[in-house]
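Engineer: Got a predicted structure here, sequence first:
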Amino acid sequence: MNKILQLVKRYGIIKFLMMAVDEVIHIFNKFLRELFYHWTKDDFGIKEALFWSKDIDQYMRYSKILGELKKIQSVGNQKIRILDVGAGGEGIAKFLKYSGDINKYEVYLADTNADFLTNVKLGKPVVIKGKTLSFKDNEFDIVVSVDTLEHIPKNGRNDFLKELKRVGKTVLLHFIMHDPANQYFGRDIDMEFNKWYLKNFKKENSWVVEHLNIEPPTCSEIKSILPDAVIAGTQNINVWYKYITTSASPIIGFFTGYAFLGKWKKQFSIPPYHGCFVRWQDNSN
């Protein structure tokens, strides 16, 4: 009761009620998504607008990775082994379920926070202890890490990337990049979003604050550890800002996907960028 009164005091009764209704609808929307949503390709369409409007940023990140996974073929009946580092829960396994391909893969979900892995039903949870991964060299066909790199301090990122490279034959990454010389402005637009969030919710956004407190990755960092990697920009900063703020707005957020389809989609893949996709493959063998 005290927590509810604090929220009412912070936001006012009308906004508090809107946020409460928004949360109930969001829970129901995710319930329906689990029952009826099927991922078919990396392209935001009508069904994505229906099921992902409040979680559009999550969809964009994982859909890009899933699109790449669909290009990789298994050998015979052997399952493709995937390690998702920094999964934060079921991670890529959830999207493999949406695509109907979960049985084609053997998925390991790794995170430093054991609490994130408590309720995992898809994949095998692995708690990371220390700076090294408890796996053999090239143990996995694919290593995935989605929006984790920007949360690792600069002095630890090289070791992190080396570990991904060591245990995987192919590495797929998505993260926020700030490298103005290459048209990445993740830090700048994160600052703008945090200002908006503070104004509208009377507090800073915790994950954006973590981005801002850590020097973000650059192209040169990636190339130094993953030579010959494909590095591609994702999420135009202006489009990203529009859909992240709209989707975070109570009630209105459920219409974000339709606004994206009607007004923003054409500009989504052009620079300047907020996010970055990296694909590296071991060609030594």
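Structural biologist: Looks like it came in fine.
Engineer: Residue 68 contacts residue 281, doesn't it?
Structural biologist: No - Residue 68 is not in contact with residue 281 according to C-beta atoms under 8 Å; the separation is 10.8 Å. Using the backbone N, CA and C atoms, a C-beta is placed for each residue, glycine as well.
Engineer: Report the contact partners of the most centrally placed residue in the chain.
Structural biologist: Centroid-nearest residue in the chain: residue 61, 4.3 Å away (criterion: C-alpha atoms, centre = their mean). By C-beta atoms under 8 Å, 6 or more residues apart in numbering, the residues touching residue 61 are 146-147, 174, 275.
Engineer: Okay, and it sits in which element?
Structural biologist: helix 56-69 (DSSP states H and E).
Engineer: what about that helix, average pLDDT?
Structural biologist: In this model, helix 56-69 has an average pLDDT of 95.
Engineer: Flag every buried residue along that helix.
Structural biologist: Using 16 or more other C-beta atoms under 10 Å as the test for burial, helix 56-69 gives 56-57, 59-66, 68-69.
Engineer: out of the residues you listed, who's nearest residue 35?
Structural biologist: residue 59 (17.0 Å; C-beta to C-beta).
Engineer: thought that closest one was touching residue 50?
Structural biologist: No - at 11.6 Å, residue 59 does not count as touching residue 50 under the criterion of C-beta under 8 Å.
Engineer: And stretch 77-92, what's buried?
Structural biologist: Residues of stretch 77-92 classed as buried by neighbour count (16+ other C-beta under 10 Å): 80-87, 89-92.
Engineer: got a markdown table for the residues you listed, with distance to residue 247 too?
Structural biologist: Output for the buried residues of stretch 77-92, formatted as a markdown table (distance: C-beta to C-beta, whole Å):
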| residue | distance to residue 247 |
| --- | --- |
| 80 | 32 |
| 81 | 34 |
| 82 | 28 |
| 83 | 29 |
| 84 | 24 |
| 85 | 26 |
| 86 | 22 |
| 87 | 22 |
| 89 | 19 |
| 90 | 21 |
| 91 | 20 |
| 92 | 21 |
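Engineer: Alright, that wraps it up for me.
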